[in-house]
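> following is a predicted model, sequence given first.
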Amino acid sequence: MDWLDKINISVITVLSLVTIGMLTAHELEIAKNGPTVTAVVTAPVAAAAGNIDESIFKDVEALQAKGLYSEALASLEAIIEKHPNISLSKVYLARLYIKLGQMEKAIAEYRKAVEMDPDYVDKKAARFIGPEIKKFVTQSKLVIEKQLADNPDDKPSKKAIKDIYYLQRRLAGGCE
Amino acid sequence: MKLLRIVDITIITGALLGIGSIILSLYGNPVNSGICVSCFLENVAGSLQLHNDYRMSYLRPELVGFILGSFLMSLSNRRFRVMGGSSPIIRFFLGFFIIVGCAVFIGCPIKMILRLAGGDLTAIAAVAGMLFGIWVGAKYIRGGFRLDREKELPKINGYMMPILATILLVFIVMNPAFIVTADKGPGAARAPMLLALIIGLAIGAVSQKSGLCITGGFRNFFLFRERTLFNGVITVFFSALLFNLVLKYGFNLDVNEQPAFKLGMYGQPASHMEHGWTFLAMTLVGLASVLIDGCPFRQLVKAGQGDVDAGITTLGMLFGSSLAISWALRSTSAGTTFSGKIVVLIGLIFTMSVIMAYRNRIKRPV
């Protein structure tokens, strides 16, 4: 056994321990908090999100058109409670948060919508709302960056900027 | 042919790869991903229903072109030699792990260069990882690593991959019902079929002649300070960079509605910010590619010229592509999945174990 073998065995041992440690930590986390939502939305989930009756949002749209944003939000939250996996409700939620001036929450909802259904940022899909998201992301980025410059430890702003970068990457396209 | 004698063939191959990739992106392929063997294999796996992500499904003519271009060129210059039998099952699994590594970075070594040439600085961690992996692999090769010796096999073995590529070409043209072709998502981002096939054939043919390989270029440089292939790799980068800069600053042209060149870390297409995992994943790609003598692109080209071992590696890569999507062994813009991280670590353990098993420990300078 020469020094190359010794390095090799050391690396294999360390990598094995790290792997076992990660798997154990992951299992403990699941036992404590339940299964975590994976970042990758599988095709059946996205397909299910696409097969919804959009008329359930009629009341929300009507209230929003009248400028009754808080009432629209309450109506939307009732729909979400009943149908938690509909991606379109996240888009409606984001639009309402924009009207209510809650920028960070709006960004987070757009992100959830895109994670659930990538069609929102796919220009070949019927649900494409890329320009709407892009416009909001561009405007809000300046505000969030200013907030972070004033207060670098502000947690909501830190999360919001991460969500903005995520949305920018998705809007840029590529193999995903 | 006279031109090929004047200019080094590896430089021509590099330029064709770099410029061909940008042209394919201009005509519809995903941005920064005009050519990406791992992404395209994922598309092919989806098209053949080896995974069920509809958005990632398209039978990419470029890959078929690489194999058939190499096959035709090797027949014409009498370099079609049917060799095989060198640790086939090991190569199959190394091919699998290479693709998982690529999926965690989101791109093969060619796409890594293209991403960098498009100004994507997140690819720097990938370059560092791949170079580290190649350097480690080169150390072990110098230290006596070698897979089983290959031997000459009956001709029919060598024809299998070109025949498979021909069948896929028939599927592309005939578009039978069992072949899935996405109308949205990355699978729908595609250049016209004929253009993709012609560029694929041309690149496959010149690559067979030059032997260009991204990892091989660096390996030869690390091992022997030999620059022939290395110059080709550098040419891929500079030709793509130059073309991108000309498109952006010369013609103000966008590629798939994105700037041809955008310098920075943020807002880059198909990227993520988990640089540590990018480094480890591309270390795996660099190391495993050195052990099996070629990057994913080179494996396709070798499979076309009668190398049965490369054909088996290609099938391993196709298997890896299907599981990378089905089991989420990959990264997305949100980051690397837990299963992707675990399989990268297992891949490194497997690769280091293969090195242990196949070292000839004759004392020699390291």
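Perfect, thanks for sending it.
> most remote residue from chain A's center?
A:M1 (50.9 Å; Cα atoms, centre = their mean).
> the residue of the stretch 201-350 of chain B found nearest chain A: neighbour count?
Here the stretch 201-350 of chain B gets closest to chain A at one residue, B:A270, 2.8 Å apart by Cβ to the nearest Cβ. To be clear about C-beta, it is placed using only N, CA and C from the backbone, and glycine gets the same treatment. Using other Cβ atoms under 10 Å in any protein chain shown, B:A270 has 28 other residues around it.
> how about the secondary structure of the closest residue to it other than its chain neighbours?
Distances taken as Cβ to Cβ, 6 or more residues apart in numbering or on different chains put A:G174 closest to B:A270, at 2.8 Å, once the chain neighbours are dropped. Under DSSP: H, G, I helix; E, B strand; the rest coil, the three-state class of A:G174 is coil.
> give me every residue that touches A:G174.
By Cβ atoms under 8 Å, 6 or more residues apart in numbering or on different chains, the contact list for A:G174 reads B:30-33, B:106, B:186, B:269-271.
> point out where chain A drops to low pLDDT.
Counting by pLDDT under 70, the ranges of chain A that qualify are A:36-52.
> repeat that with 50
By pLDDT under 50, the low-scoring segments of chain A are A:39-44, A:46-47.
> helices and strands around the longest helix belonging to it, which ones?
Using DSSP state H, we find that the single longest helix of chain A is helix A:3-33. Counting contacts by 3 or more Cβ pairs under 8 Å, 6 or more residues apart in numbering or on different chains; DSSP states H and E, helix A:3-33 packs against helix B:338-357.
> run the angle between the helix it packs on and helix A:3-33 for me.
Helix B:338-357 runs at 160 degrees relative to helix A:3-33, counting by axes from the mean of the first three to the mean of the last three Cα atoms, to 10 degrees.
> what about helix B:338-357, average pLDDT?
Mean pLDDT, helix B:338-357: 97.
> can I assume the residue of the stretch 201-350 of chain B closest to chain A sits in a helix?
No: according to three-state DSSP, B:A270 belongs to no helix; its state is coil.
> nearest to chain B: which residue in chain A?
In chain A, the residue found nearest to chain B is A:G174; the distance is 2.8 Å by Cβ to the nearest Cβ.
> what sits against the residue nearest to A:Q147 when sequence neighbours are not counted?
Leaving aside its sequence neighbours, A:Q147 sits nearest to A:S157 (Cβ to Cβ, 6+ apart; 4.5 Å). Going by Cβ under 8 Å, 6+ apart, A:S157 touches A:104, A:144, A:147-148, A:151.
> for the buried ones among the residues you listed, write the corresponding PyMOL selection.
Buried residues among those (16 or more other Cβ atoms under 10 Å in any protein chain shown), as a PyMOL selection:
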select buried, chain A and resi 104+144+147
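> among the contacts of A:S157, name the ones in helices.
A:104, A:144, A:147-148.
> which ones are touching B:L114?
The neighbourhood of B:L114, defined by Cβ under 8 Å, 6+ apart, consists of B:18, B:21-22, B:32-36, B:107, B:240.
> wait, what's in contact with A:I56?
For A:I56, the contacting residues are A:79, A:83, by Cβ under 8 Å, 6+ apart.
> phi, psi for it please.
Main-chain dihedrals, A:I56, degrees, to the nearest 10: phi -60, psi -20.
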